[in-house]
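A.B. asks: Build me a model from this:
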Amino acid sequence: MEGTSSDDGVRPWHSYHTVYTTSKPGMEGVDKEKVQRIVYEMSKGSKYFQNEERKEAFIAHKIHKFRTHCAKLTQPDLSHYREVADRKILELEATRDLSRIWLHVDMDAFYAAVETLSNPTLKGKPMAVGSMSMICTANYEARKFGVRAAMPGFIAQRLCPELIFVPTDFKKYTHYSDMTRKVFQRYDPNFMASSLDEAYLDITEVCKERNIKSEEVAEELRANVYEETGLTCSAGVAPNRLLAKICSDINKPNGQYVLPNDRMAVMTFTSSLPIRKIGGIGKVTEHILKDVFGINTCKQMLEKGSYLCALFSQSTADFFLSVGLGIGKTDSPQVRCRKSISNERTFSTTEDGALLYKRLAELAEMLSTDMQKEGLCGRTLTLKLKTASFEVRTRAVTLQKYISSSEDILKHASKLLKAELPISVRLIGLRVSQFNGEKSGATLDPTQKTITNFINSGDTKGNYNSFPDVTDHDFISNTETDLSIDCPRTFQHDWTYPFDVNHSLDVDLQSCTVRKNDGEEEQVQTSGNDASISYYSEGTEVLGSTFSSSFGQFEDINVNDGSNLLEDERLNSSCQEKTMLWLNDYKCSLCGIEMPPSFVEERLEHSDFHLAEKLQKEESRTHQRTSVLGQSRDLKNRITTNQSKSKKQKLTQKEGRYMALDYFFVKK
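C.D. replies: Next up is the predicted model:
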């Protein structure tokens, strides 16, 4: 693997990046070398190990691709993106809000603490909640040995032979969680619960109304939680939620840390903060940032901003830069309707169908209880299975009626499971969605893309590789294609996806680049705010930034009620079709994506995308026009038919009368 040291052949666990980290609170003095070696030796050759090796290969591939794209960046490219990063940093700095005070509270080793409260003999002994297959959490005595959550129990026992295992009891944990939330409501009725043992509270108003400092509120809240439940918790106070969560980990267990609402204090705090401490930056992203860009701290995010803006999507680059500035969310999020509710459990790998049905029944009962507690009924039921080889399968069914009872859930879930048997499984999960409270006219979550937006934004390829930790898009290197339409010029459109497509387009830029058939590019100057660009190519003039194409051309049909409409629509659509140009040699004139000239293949793919999008729109308009023409013809035929019927009817009426003799001779 790239980036490994020379002694990895002697100590291969050094390159085993998927080893369990020792970054959890209470693991500061752990012998990391020992933990890495034991985890590597005990998992080597297992299905888990094979799955982790596949992940390792995936990480290595991503790192290689990023390094390749980094090598393509020229000094002018980096200068350009340095300006982009500096401009974005100024924009983000303008959004900094130091007016709110956020408190993040985190219960200390919650499951383990609840079990110790129930059985005081466990106090002071290394203990883990879970089983030999998987651990949910470990107390601080066990963490000193390197034992932590999400670690297989047999490895944890090797690290700590005296480790005591206690089975999980989620009813008990939910009960104590409800008790803590009653305390939280006293300080913020609209607090945000992120799990059973974590919550975010906006204590701005409490501090103002009671004229007390934020550290006093944190101390009082922690004391009240202990008084009500007998459990300890840690708290972090900061100007935003991102920093508050980081602060709550600093003085664990049973402690607190307050970061003042001061810009200089925030910048000093984040300057040496390891990137892995940031929520949203996990194992994969950490290795890419370290191995490719040499970024280890949040401050280095700002220093390497030019690379981040050049190689990541706009949203991801913005996130990284905001992290470097210590800027996070401060607004209270709007209440949104729940979209789904789920439960899942991990256990020792088994092929026993009876045991799997038993696990399914337990999940159905828990899921039904949760749904009835919130008054929910749903139509779509999804079964999740993780096989012995760590392959994840999901199977879903949409029912004719809404369900919430454990009997109904189990009946339909059993059918889904039966279709998969025989199978070796280590995890089962159930999810219910499409609730009866949802209406087609309801306001949708603004972050949820519709099918139309998904297609129009260009996300039509199914092979996007993204970081598991950050909402980000990877580079796509598909084979370039040249699509020719019936016009004297072939346009090639570049497409890559480390960038977003929702950039604003500056029309007052002074230059652009046009790609010819032979792959060469020529500079075209624009004047002022005039967005109309004229240029010549192979004897064909393209005016007003429109495609010269024979697509969508129809013969003129003289239909009084439809021809003018068709003509106007055709003219409007032709004016709306803009030419694919590279403004200032970097920015796409259609979507605003920035891409350096050295990214030749990516530019070609980008142009291919826009051409395909244009052809799709043309085809859609063709069907629409054909439909309008068909309706117009039908209308004309109906009018003609009605007129014929009217004449025949009048003639019939005349035939039923006596005709004057002189009228008869005149007709002859």
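A.B. asks: What is the burial count for Arg210?
C.D. replies: Applying other Cβ atoms under 10 Å, we find 12 residues neighbouring Arg210. Backbone N, C-alpha and C define where each C-beta goes, glycine included.
A.B. asks: quick one, phi psi at it?
C.D. replies: Per-residue torsions, Arg210: phi -100, psi 0 (degrees, to the nearest 10).
A.B. asks: Would you check how far apart it and Tyr187 are?
C.D. replies: Arg210 is 10 Å from Tyr187, where distance means Cβ to Cβ, to the nearest Å.
A.B. asks: swap in Ser404?
C.D. replies: Relative to Tyr187, Ser404 is positioned 33 Å away (Cβ to Cβ).
A.B. asks: got it, and Arg426?
C.D. replies: 41 Å.
A.B. asks: Check Cys247 too.
C.D. replies: Cys247 is 17 Å from Tyr187, by Cβ to Cβ.
A.B. asks: Same check on Trp102?
C.D. replies: In this view, Trp102 and Tyr187 are 12 Å apart by Cβ to Cβ.
A.B. asks: Please enumerate the shared neighbours of these two.
C.D. replies: Listed contacts common to Trp102 and Tyr187 are 201, 203; contacts here mean Cβ atoms under 8 Å, 6 or more residues apart in numbering.
A.B. asks: Pick out whichever of those two has more residues nearby.
C.D. replies: Neighbours around Trp102 and Tyr187, counted as other Cβ under 10 Å, are more numerous at Trp102. The numbers are 29 against 20.
A.B. asks: Which residue, neighbours along the chain excluded, lies closest to the more buried one?
C.D. replies: Excluding the flanking residues, the one nearest Trp102 by Cβ to Cβ, 6 or more residues apart in numbering is Ala244, at 4.4 Å.
A.B. asks: Show the contacting residues for that neighbour.
C.D. replies: By Cβ under 8 Å, 6+ apart, Ala244 lies in contact with 102-104, 200, 236-238, 259.
A.B. asks: And Ala109, by the same measure?
C.D. replies: 26, 137-140, 253.
A.B. asks: Dump the residues you listed to a markdown table, plus distance to Arg263.
C.D. replies: Output for the contacts of Ala109, formatted as a markdown table (distance: Cβ to Cβ, whole Å):
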| residue | distance to Arg263 |
| --- | --- |
| Gly26 | 32 |
| Thr137 | 37 |
| Ala138 | 38 |
| Asn139 | 39 |
| Tyr140 | 35 |
| Pro253 | 31 |
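A.B. asks: so which strand or helix has Ala235?
C.D. replies: Ala235 is part of strand 233-238, with elements assigned from DSSP states H and E.
A.B. asks: Direction included, what does that strand pair against?
C.D. replies: Sheet partners assigned to strand 233-238 using DSSP bridges are listed as strand 102-107 (antiparallel), strand 256-258 (parallel).
A.B. asks: Now do the next helix or strand after that strand and strand 233-238, the angle between them.
C.D. replies: Next along the chain after strand 233-238, taking DSSP H and E as the criterion, comes helix 241-248. Per axes from the mean of the first three to the mean of the last three Cα atoms, to 10 degrees, the angle that helix 241-248 makes with strand 233-238 is 140 degrees.
A.B. asks: Could you check the helix or strand encompassing Leu381 and say which residues are buried?
C.D. replies: Here Leu381, judged by DSSP H and E, is contained in strand 378-387. For strand 378-387, a neighbour-count test (16 or more other Cβ atoms under 10 Å) marks 378-379, 381-387 as buried.
A.B. asks: next one: stretch 274-293
C.D. replies: The neighbour-count check on stretch 274-293 (16+ other Cβ under 10 Å) flags 275-278, 281, 283-293 as buried.
A.B. asks: repeat for stretch 67-76
C.D. replies: Neighbour-count burial for stretch 67-76 [16+ other Cβ under 10 Å]: 69, 72-73.
A.B. asks: Over to that stretch now: how far is its first residue from its last?
C.D. replies: With Cα to Cα, to the nearest Å applied, stretch 67-76 spans 18 Å between its terminal residues.
A.B. asks: Likewise for stretch 159-173?
C.D. replies: Stretch 159-173 has an end-to-end distance of 27 Å (criterion: Cα to Cα).
A.B. asks: Now the two most distant members of the buried residues of strand 378-387.
C.D. replies: Taking Cβ to Cβ as the measure, the buried residues of strand 378-387 span a maximum distance of 27.3 Å, between Arg379 and Thr387.
A.B. asks: if I read this right, His610 contacts Leu581, doesn't it?
C.D. replies: No: using Cβ atoms under 8 Å, His610 makes no contact with Leu581, being 10.5 Å away.
A.B. asks: Residues that sit against both of those two, list them.
C.D. replies: Common neighbours of His610 and Leu581 (Cβ under 8 Å, 6+ apart) are Cys588.
A.B. asks: any low-confidence regions in the stretch 501-650 of the chain?
C.D. replies: 501-580, 582-586, 598, 600-602, 605, 608, 612, 616, 619-620, 622-650 (pLDDT under 70).
A.B. asks: Please apply the same query to the stretch 301-450 of the chain.
C.D. replies: For the stretch 301-450 of the chain, the stretches with pLDDT under 70 are 333-336, 437-450.
A.B. asks: ok, back up a step: burial-wise, tell me which of the strands paired with strand 233-238 comes out on top.
C.D. replies: Burial of the strands paired with strand 233-238 is given as mean neighbour count (mean count of other Cβ atoms under 10 Å); strand 102-107 ranks first at a mean of 26.
A.B. asks: State the next helix or strand along the chain beyond that one.
C.D. replies: Next along from strand 102-107, by DSSP H and E: helix 110-118.
A.B. asks: For that next one, name the packing helices and strands.
C.D. replies: strand 127-130, strand 135-138, helix 170-187 (3 or more Cβ pairs under 8 Å, 6 or more residues apart in numbering; DSSP states H and E).
A.B. asks: Counting neighbours, which bits of the second one end up buried?
C.D. replies: Across strand 135-138, burial judged by 16+ other Cβ under 10 Å covers 135-138.
A.B. asks: sorry, back to before: now the strands paired with strand 233-238 as a markdown table including distance to Gln400 and mean pLDDT?
C.D. replies: Shown next, in a markdown table, are the strands paired with strand 233-238 (distance: least, Cβ to Cβ, whole Å; pLDDT from 0 to 100):
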| stretch | distance to Gln400 | mean pLDDT |
| --- | --- | --- |
| strand 102-107 | 42 | 96 |
| strand 256-258 | 53 | 96 |
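A.B. asks: and of the ones you listed, who's closest to Arg181?
C.D. replies: For Arg181, the closest of these is strand 102-107, at 10.3 Å, according to Cβ to Cβ.
A.B. asks: which residues does Met107 bridge with?
C.D. replies: Cys233.
A.B. asks: is it true that it touches Ala113?
C.D. replies: Yes: counting by Cβ under 8 Å, Met107 does reach Ala113; the two are 6.9 Å apart.
A.B. asks: list residues touching both of these two?
C.D. replies: The contact lists of Met107 and Ala113 share 231-232, where a contact means Cβ under 8 Å, 6+ apart.
A.B. asks: ok, the nearest residue to Phe66 once chain neighbours are set aside - contacts?
C.D. replies: Using Cβ to Cβ, 6+ apart and skipping residues adjacent in sequence, the residue nearest Phe66 is Val292, 4.5 Å away. By Cβ under 8 Å, 6+ apart, the contact list for Val292 reads 63, 66-67, 70.
A.B. asks: any idea how far Val292 lies from Cys233?
C.D. replies: Here Val292 is placed at a distance of 38 Å from Cys233 (Cβ to Cβ).
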